[in-house]
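Participant: pasting the structure only:
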């Protein structure tokens, strides 16, 4: 399976910690990320992560293209709802694409736990 991993600046550490808690599962999947998030995940977990540009520079759109081409199976996007994002239209477009193509999208640890539990239950 192919997972996209993205996090706003204030949520990057939470995403890294979530991945560390579920490291055995994330090891089984191909990971794609926006630039800074991908670097932090790779550095702190040792996982191989295909990195795109940072979100504000088009990374969200690059991941959106994978979604539109049905090349992503799930998205883990830890969003910061309390901070304005300069690239909010790109974020909204990615969320819309996940709905259009029926791709599971986690925007916080609670929804991420539900999605990762599903994949863990498959045992693949």
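Facilitator: Here it is on my side, so go on. Note that this is a predicted model, so its numbers are computed, not measured. Numbers count the residues shown, from 1 in each chain.

Participant: who's the spatially most central residue of the chain bridged to?
Facilitator: Residue closest to the average C-alpha location in the chain (Cα atoms, centre = their mean): residue 5, at 1.9 Å. Legend: beta-bridge partners of residue 5 under DSSP bridges are residue 33, residue 76.

Participant: ok, it - contacts?
Facilitator: Residue 5 sits next to 15, 19, 31-33, 37-38, 41, 49, 75-77 when contact means Cβ atoms under 8 Å, 6 or more residues apart in numbering. For glycine as for every other residue, the C-beta is placed from the backbone atoms N, C-alpha and C.

Participant: go with 6 Å
Facilitator: Residue 5 is in contact with 31, 33, 76, counting by Cβ atoms under 6 Å, 6 or more residues apart in numbering.

Participant: same check, this time on residue 107
Facilitator: Counting by Cβ under 6 Å, 6+ apart, residue 107 touches 77, 79.

Participant: Which helix or strand lies directly C-terminal to the lowest-mean-pLDDT helix or strand in the chain?
Facilitator: Lowest on mean pLDDT, DSSP states H and E among the helices and strands of the chain sits helix 88-100, with a mean of 87. Helices and strands here follow DSSP states H and E; after helix 88-100, the next one along the chain is strand 105-106.

Participant: Which residues does the least confident helix or strand of the chain contact?
Facilitator: Residues outside helix 88-100 that contact it (Cβ under 6 Å, 6+ apart): 60-61, 64, 67-68, 75, 105.

Participant: what's the answer for stretch 114-124, then?
Facilitator: The contact list for stretch 114-124 (Cβ under 6 Å, 6+ apart) reads 22, 25, 74, 104, 106.

Participant: Kindly provide the whole-number mean pLDDT of it.
Facilitator: Averaging pLDDT along stretch 114-124 gives 90.

Participant: ok, now how distant is residue 68 from residue 55?
Facilitator: 17 Å (Cβ to Cβ, to the nearest Å).

Participant: When the two are compared, which one has more neighbours?
Facilitator: More neighbours surround residue 55 than the other of residue 68 and residue 55, with 27 against 16 (other Cβ atoms under 10 Å).

Participant: What separation is there between that one and residue 1?
Facilitator: For residue 55, the distance to residue 1 - Cβ to Cβ - is 22 Å.

Participant: Kind regards, and thank you for your time.
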